[in-house]
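Enquirer: sequence below, structure please.
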Amino acid sequence: MTMKIRSIDSLPHLPVLLTLCMAIAAAATPTSAAAQSWRIEPVVRVGGEYDDNATLDIRSDTKVELEGFLVDLLADVTYSSATTSFFFQPRVLIRNYLGDPGFDSDDYFLRSRFSHEGQSSTIGFRASFDQQTVRTAERAIADLDIDDPEEITDDDTGRIVLLGDRSKWRISPFWDYRLSNISTLGADFDYFDVRYEDVLAGLLTDYTDARLNLNYRRAFSNVQTGLLTVSARRYDSVATLSDITGYGLMVGFERALSQKMSLAAMIGFEDTRQSGLTIDPEPVGYINLVRNLETIRVFAQYRRSVAAGGAGRLSIRNSLNLNFRRRLNEKISAGLGVRAYQSRGIGGAVSIDDRDYVQLQSTFLWYLSTSFVIEFSYRYTVSDRSVNMGERSISNRINLWFTYQPRTIPKL
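Expert: Numbers count the residues shown, from 1 in each chain. Purely as a prediction, here's the structure:
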């Protein structure tokens, strides 16, 4: 299968995308006022930050310590009905560091999801846009708010620099067709377009990554479902002399272990091809465990994947993601997040991007009321390139946030 990738330069700018998302939602929703269920949840967060090695420098005498103020503004716009759901979240994150204006930034984010269920099929899409500094964009984050495996991407290189911005678009339409009461056939297309601005030539390169998945699901019982996925991908980068393509196959299952806990696992291979290179197929797969109780939420994932990034090549990544939250009492909750991975060159090739990465984050939330929250977080990061570069860097970061959320349902 050959997929021709078109540059996303011709896609609408952010304001146009915002209007398009709202128009899609309005067109798909019922006209009856009684049937409509819209909700808008604004959130305002103001806080302080201290990082003892903001650029993950390997030398202690050149570390950059940052202290500053942050303002985080976002709004969740949701719609739900018997057949349609829509989510839309614009966000602005403003960073201002005292005495270090070169690190100041205004970062912009957009998240959107839409699905509509018909008589025998379901259609929808995911869309996102990020505009942020390279220093933060190219570093994997242990985000405790993420518990959806589809939201965790492997597109960072760990190349931290002072200047430069990264713009990333992600568009993922999907379609599912119910063949019978127990089987479903589906297709989804995951497309990334990443651009770098004001970055030293050769350090990071623009790229596109597109993957087409054909899925088959069959329910064997009320608690277990079998899964089969066939995929094709194409990775384009200005750093490669020829396009990189890939084909894959995975099989697995989903199982409800109880009403509050579920397990999903898949295993298979991905065959990557590039002109002039012989690359053996790589084993890929994942295991996801989700547990939701009244006072505890757990999400755990191990994944082996062929990952894209701004290094101009694909890599093999073994990653572990863990989010744990617990409500300690009516006013206080605590959380722990882990993001760890090992990245190696595909086909066993030694690469400057080979590294081991670990990030631990602990968070405490104190609910003064349902609308006012104080949050303290500590983040520890280790980036180890000693495999071939002899480089190892460590960062400690502390944040204190004051949050106003007048309409948000308190989380754990």
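Enquirer: just give me the residue closest to the centre of this structure.
Expert: In the chain, the C-alpha nearest the mean C-alpha coordinate belongs to residue 152, at 3.3 Å (C-alpha atoms, centre = their mean).
Enquirer: so who does residue 299 touch?
Expert: Residue 299 sits next to 146, 147, 288, 289, 290, 321, 322, 323, 324 when contact means C-beta atoms under 8 Å, 6 or more residues apart in numbering. From N, CA and C alone the C-beta is placed, and that goes for glycine too.
Enquirer: can you pull the phi and psi angles for the closest residue to the second one other than its chain neighbours?
Expert: Closest residue in space to residue 147, ignoring its immediate chain neighbours: residue 299 at 4.3 Å, by C-beta to C-beta, 6 or more residues apart in numbering. Backbone torsions for residue 299, taken as degrees, to the nearest 10, come to phi -130, psi 120.
Enquirer: can I get the buried ones among the contacts of residue 299 as something I can paste into PyMOL?
Expert: In PyMOL, this line selects whichever of these come out buried by 16 or more other C-beta atoms under 10 Å:
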select buried, resi 146+147+288+289+290+321+322+323+324
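Enquirer: could I get the contacts of residue 299 as JSON lines with secondary structure, distance to residue 234 and pLDDT?
Expert: Output for the contacts of residue 299, formatted as JSON lines (DSSP: H, G, I helix; E, B strand; the rest coil; distance: C-beta to C-beta, whole Å; pLDDT from 0 to 100):
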{"residue": "146", "secondary structure": "coil", "distance to residue 234": "27", "pLDDT": "81"}
{"residue": "147", "secondary structure": "coil", "distance to residue 234": "30", "pLDDT": "75"}
{"residue": "288", "secondary structure": "strand", "distance to residue 234": "26", "pLDDT": "97"}
{"residue": "289", "secondary structure": "strand", "distance to residue 234": "32", "pLDDT": "96"}
{"residue": "290", "secondary structure": "strand", "distance to residue 234": "31", "pLDDT": "95"}
{"residue": "321", "secondary structure": "strand", "distance to residue 234": "26", "pLDDT": "96"}
{"residue": "322", "secondary structure": "strand", "distance to residue 234": "32", "pLDDT": "95"}
{"residue": "323", "secondary structure": "strand", "distance to residue 234": "32", "pLDDT": "95"}
{"residue": "324", "secondary structure": "strand", "distance to residue 234": "37", "pLDDT": "95"}
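Enquirer: wait, the residue nearest to the centre of the chain sits on residue 300?
Expert: No - counting by C-beta atoms under 8 Å, residue 152 does not reach residue 300; the two are 11.9 Å apart.
Enquirer: so for the nearest residue to residue 242 once chain neighbours are set aside, what's the pLDDT?
Expert: In this structure, residue 242 finds its nearest non-sequential neighbour in residue 275, 3.9 Å apart by C-beta to C-beta, 6+ apart. pLDDT for residue 275: 76.
Enquirer: neighbours around residue 275, how many?
Expert: Burial of residue 275 is recorded as 10 neighbouring residues (other C-beta atoms under 10 Å).
Enquirer: what does residue 370 give?
Expert: Around residue 370 there are 12 other residues, counting by other C-beta under 10 Å.
Enquirer: for the residue nearest to the centre of the chain, grab phi and psi.
Expert: phi -100, psi 110.
Enquirer: who touches both of residue 152 and residue 300?
Expert: Common neighbours of residue 152 and residue 300, using C-beta under 8 Å, 6+ apart, are residue 321.
Enquirer: in the stretch 151-300 of the chain, what residue spans correspond to strands?
Expert: Taking DSSP state E, counting those that start in this stretch, the strands of the stretch 151-300 of the chain run over residues 165-178, 183-197, 207-219, 224-237, 244-256, 261-274, 282-292, 296-307.
Enquirer: in CSV: those strands, plus distance to residue 337.
Expert: What follows is the strands of the stretch 151-300 of the chain, written out as CSV (distance: least, C-beta to C-beta, whole Å):
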stretch, distance to residue 337
strand 165-178, 21
strand 183-197, 23
strand 207-219, 25
strand 224-237, 27
strand 244-256, 24
strand 261-274, 19
strand 282-292, 15
strand 296-307, 10
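Enquirer: between these, which one is closest to residue 400.
Expert: Closest approach to residue 400 among those is made by strand 296-307 (23.1 Å; C-beta to C-beta).
Enquirer: which positions within that closest one qualify as buried?
Expert: Using 16+ other C-beta under 10 Å as the test for burial, strand 296-307 gives 297, 298, 299, 300, 301, 303, 304, 305, 306, 307.
Enquirer: tell me which two in those residues are the farthest apart.
Expert: Spanning the widest gap among the buried residues of strand 296-307 are 297 and 306, at 29.8 Å by C-beta to C-beta.
Enquirer: quick one: the residue nearest to residue 242 and residue 405, what's the gap?
Expert: 52 Å (C-beta to C-beta, to the nearest Å).
Enquirer: and the residue nearest to residue 147, how far from residue 240?
Expert: Between residue 299 and residue 240 the computed distance is 35 Å (C-beta to C-beta).
Enquirer: was I right about residue 71 contacting residue 94?
Expert: Yes - between residue 71 and residue 94 there is a contact under C-beta under 8 Å: 4.4 Å.
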